[in-house]
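S.K.: show me the folded form of this:
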Amino acid sequence: MTSRPIWMPLYVADYLADTRHLTTLEHGAYLLLIMEYWQKGGLPIDDRGLATICCQGGRQWSRIKPKLQAMFSGPEWRHARIDRELKKANELKLKRAVYGAKGGRISRGRNNVERFIAAHQNSSKS
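M.R.: This next block holds a predicted model:
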């Protein structure tokens, strides 16, 4: 599924364990970045786009960028935890759609998720 879930899990203990070294400003910027990542499935790689997401000017962004960039991987600013959580949330959304369409019934043989995917693939080819 390509649509993003409307909710984003925040595991407070994990978040604090990973971010205790950030200043208040950096916390705000980091949260804005991960929320944007959740909504869009990724971040822009240019400084102007990242600074805009963080509501920071060029000078302030250049000061906080190194700490924030360390929280992500690669030049494309990937975030493994958010990628995993997005995958789980989208799988759950798909399962709920399947079970909702089936009225909560469980079928035999192929599981409902497989049937739902196959049905959607066949209908999109038509």
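
S.K.: now stretch 40-57: buried residues?
M.R.: Across stretch 40-57, burial judged by 16 or more other Cβ atoms under 10 Å covers L43, L50, A51, I53, C54, Q56. Any C-beta I mention is one placed from the backbone N, CA and C, and that applies to glycine too.

S.K.: need these in CSV (columns: secondary structure and distance to Y15).
M.R.: Output for the buried residues of stretch 40-57, formatted as CSV (DSSP: H, G, I helix; E, B strand; the rest coil; distance: Cβ to Cβ, whole Å):
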residue, secondary structure, distance to Y15
L43, coil, 18
L50, helix, 20
A51, helix, 22
I53, helix, 18
C54, coil, 17
Q56, coil, 21
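
S.K.: on the three-state scheme, the residue nearest the centre of the chain is what?
M.R.: Relative to the mean C-alpha position of the chain, the nearest C-alpha, by Cα atoms, centre = their mean, is the one of W38, at 3.0 Å. Using DSSP: H, G, I helix; E, B strand; the rest coil, the structure places W38 in helix.
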